[in-house]
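1. sequence first, then the predicted structure, then my questions.
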Amino acid sequence: QKEVEQNSGPLSVPEGAIASLNCTYSDRGSQSFFWYRQYSGKSPELIMSIYSNGDKEDGRFTAQLNKASQYVSLLIRDSQPSDSATYLCAVNMNRDDKIIFGKGTRLHILP
Amino acid sequence: EAGVAQSPRYKIIEKRQSVAFWCNPISGHATLYWYQQILGQGPKLLIQFQNNGVVDDSQLPKDRFSAERLKGVDSTLKIQPAKLEDSAVYLCASSLGARINTDTQYFGPGTRLTVL
């Protein structure tokens, strides 16, 4: 099993709809989870971090964490064309205190 | 506040040549990271500095890659000799502290390396 897994996409979502991005991880003891957005040809930018089970909301973004099932997700409400980007899930692995990035999911918002 | 600066932005070299990348972190940031991002992959940490000391270089191919951070500010990453599989974007990031869990990493624009 890969350490951090994401569906590479592309995920196409109509403008105004909810985009749902998922990520699973292998290290059960991991405690910190991050979502980065990366526009084509640009560098990653942190948009959300989450540490506790449940939901964390920030504007149109909601991160959801379920440690028992070892998955973390990102919901984007009222999707906009400007949300079209690759979303990288990153996990701070408990075993060696290292951040591992997934391959990213390409999101395309259809106008 | 100025962001993380990197140069050059693009570099094309032939295999077996040498190349060096430069990074200037955000002022006051103690921790500096170098990542390698191959097309279609997430960033992979190569080396982490805390001030001018190495915290983690476990994924740095030390037979060909080297990095230094003199005086705890700027950093250079060198590849000698380069291989085709080194073609990637090399990202530098910095954070205020060294707590990976809570100290936000800010990424520079990256250097896109093409090895022919």
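-> Cool, got the structure.
2. who in chain B is up against chain A?
-> By C-beta under 8 Å from any C-beta of the partner chain, the part of chain B that sits against chain A consists of B:40-45, B:56, B:91, B:100-102, B:104-105, B:107-110. Where C-beta positions appear, they are placed from N, C-alpha and C, glycine not excepted.
3. now with 6 Å?
-> For chain B, the residues in contact with chain A (C-beta under 6 Å from any C-beta of the partner chain) are B:41-43, B:91, B:100-101, B:104, B:107, B:109-110.
4. what is the neighbour count of the residue in chain B positioned nearest to chain A?
-> The nearest approach of chain B to chain A comes at B:Gly42, 3.0 Å away (C-beta to the nearest C-beta). Look at B:Gly42: counted by other C-beta atoms under 10 Å in any protein chain shown, it has 22 neighbours.
5. after the lowest-mean-pLDDT helix or strand in chain B, heading C-terminal, what element do we hit next?
-> Scoring the helices and strands of chain B by mean pLDDT, DSSP states H and E places strand B:53-56 at the bottom, with a mean of 91. Using DSSP states H and E, the helix or strand that directly follows strand B:53-56 along the chain is strand B:65-68.
6. do a quick rundown of the helices in chain A.
-> In chain A, no segments count as helices under DSSP state H.
7. lowest-pLDDT helix or strand in it?
-> The weakest-scoring helix or strand in chain A, judged by mean pLDDT, DSSP H and E, is strand A:98-101 (a mean of 88).
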